[in-house]
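# What would the 3D arrangement of this be:
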Amino acid sequence: MRTPLFFNYYAKMNEPDTIAPMETQTSPRPNYRWLWSLLLLAVLVVGGTMKWQKVNHPPSDFPVGKLILIPSGITLKEISALLEDEHVIQSQTAFTIRVRLKGAESHILAGDYLFTSPLDLASVMKRLMGGEHGIERLRVTIPEGTSVAGIGRILKGTFVQFDEEQFVVLAKENEGYLFPDTYFFFSNATSGHVAKTLMETFRKKTNALRGEAIMAEKNWSDIVIMASIIEEEAATAKDRRIISGILWKRLLKGMHLGVDAPFAYDIGKNSATLTTIDLKYDSPYNTYLYGGLPPTPITNPGLDSIDAALHPETSPYYYYLSDKGDTIHYAKTFDEHKVNKERYIR
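Take a look at the predicted model:
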C-alpha cells in the first residue's frame, strides 16, 4: 500500500534539522625561537667582546721592573705560556691567536726584556716582534791584540755588574779566537753571552781565511798562534807580512823564534822591562829556550795579522827590532842585528 503523500511530507517536516559544522580559524601562536636565538647571539657577542677586551688588558700584577727572558729556539706555544706564567699577559690563547693572525710566529725575538710600566697585549706583541728590549745598550771596543784577561778588564770597566773572573774562566781556553772589534751589549750582559758572541764573531770573520788555510794544507791553529805573535810584534800591514816571513823562515830553518811578545802574556813583562834572567825563565812560552811556536795564542789577533800569518812576505832578513818610535829595523845577519841594537836601542 502506498503511503499517502501528506504522510511523507509530514515525516520530513518532523525530521531534526542537520546543520553542517562551521570551520573555525584559530590565530597562530607567535614563534619566539628566532628572537631567543638572536638574543643569545647578542649576549655571546657582547660577552666575547668584553672577555676579549679583558684579556687584552695588562694583568693587575704585571712584572714592572723585572727582566723577562725569552730563550732562543722555543716555540710560540712555549713563549705564550712563559708570558702568562710571568704575568706579562692574561691569556696565552689570546696571545697565540693574535700572533698567528699577524703571521708573526717566527718574528718574536729572543733575549731579555725589561718592562718599566704595564702594557696591553698588543703593546707586548709589538715589543717582542720589534726586539725592543727596554735595556740600555753599551758600546765596548776590544782592541786588536788584547788577551782574554785584558778583555775581561775592559768589560768590567764597561759593565758594572760584569763577572770578570767568570769570563776569564769561560774564555781562557779560546785565547786567540775572540774577535777584537766594537760591540754593543745590553747593560746586563753576562760573561757567557759576551764570550759566545766574541767567539761566533771570530768564526764568521775568519771563515774565508780558515778555508784558504785548509786548501793550502796549513795548520789553522798554527796560523792563529803566529798571528797573535805578529799582532804584538808589528803595527803596520807591511811590517806584519815581512815579520811573518822572517818567523816562518826561522822555524823552517830549525831556529828558535826568539821573540819577546810571549813574555808579556806569560809573566807580564814587555821588551822594555825584560832582564837577562827573564830570558832564561823556564816556560814553553819562552821562545828563546824552546823551539817551535808557543803552545797557545798569546793575544786575540785582528784580521790583518791573521792574513799576514797566512801570507808571509819573502825577504832576505832573519832579524828585526823596533826602536823607541816603533819603527822596525831589519837585518840579514846577527852581526847586522847587533849593530842595529847599538844604533837604535842603546
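# who's in contact with the spatially most central residue of the chain?
The geometric centre of the chain, computed from its C-alpha atoms, lies nearest to residue 197 (CA atoms, centre = their mean), at 6.9 Å. For residue 197, the residues meeting the contact criterion (CB atoms under 8 Å, 6 or more residues apart in numbering) are 183, 185. For the C-beta atoms, the positions are set from N, CA and C on the backbone; glycine is no exception.
# Need the three-state assignment for it.
The three-state assignment at residue 197 reads helix, by DSSP: H, G, I helix; E, B strand; the rest coil.
# tell me the pLDDT at it?
Residue-level confidence at residue 197 comes out at 94, pLDDT.
# quick one: it from residue 184, how far?
Taken as CB to CB, to the nearest Å, the spacing of residue 197 relative to residue 184 amounts to 10 Å.
# next one: residue 212
Spatial separation of residue 212 from residue 184 under the definition CB to CB is 30 Å.
# between the two, who's got more neighbours?
Legend: neighbour count by other CB atoms under 10 Å for residue 212 and residue 184, higher for residue 212 (16 against 9).
# Run through the strands of the stretch 1-150 of the chain in chain order.
With DSSP state E, counting those that start in this stretch applied, the stretch 1-150 of the chain shows strands at 67-70, 111-114, 137-141, listed in chain order.
# now the helices for the protein?
Applying DSSP state H to the chain gives helices spanning 5-13, 33-56, 76-85, 92-101, 121-130, 148-158, 164-171, 191-205, 207-215, 220-233, 237-252, 261-266, 303-310, 334-344.
# mind checking which of those helices is nearest residue 296?
With CB to CB, the closest approach to residue 296 among these belongs to helix 220-233: 6.8 Å.
# Can you give the contact residues for stretch 71-79?
Residues lying outside stretch 71-79 but in contact with it, judged by CB under 8 Å, 6+ apart, are 70, 82, 92, 96, 99, 100, 105, 108, 110, 128.
# Only whichever of those are buried, select them in ChimeraX.
Buried members of the contacts of stretch 71-79, identified by 16 or more other CB atoms under 10 Å, are gathered into one ChimeraX selection as follows:
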select :70,82,92,96,99,108,128
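# Where is pLDDT lowest across the contacts of stretch 71-79?
Ranking the contacts of stretch 71-79 by pLDDT, residue 105 lands last with 84.
# Double-check that one against residue 99; I have them as touching.
Yes. Look at residue 105 against residue 99 with CB atoms under 8 Å: they come within range, at 6.1 Å.
# With adjacent residues omitted, what lies nearest to residue 269?
The shortest distance from residue 269 to any residue that is not its chain neighbour, by CB to CB, 6 or more residues apart in numbering, is 5.0 Å, and that residue is residue 263.
# State the distance from residue 258 to residue 101.
Distance check for residue 258 against residue 101: by CB to CB, it reads 70 Å.
# Give me the more crowded residue out of these two.
Counting neighbours by other CB under 10 Å for residue 258 and for residue 101 shows that residue 258 has the greater number, 13 against 8.
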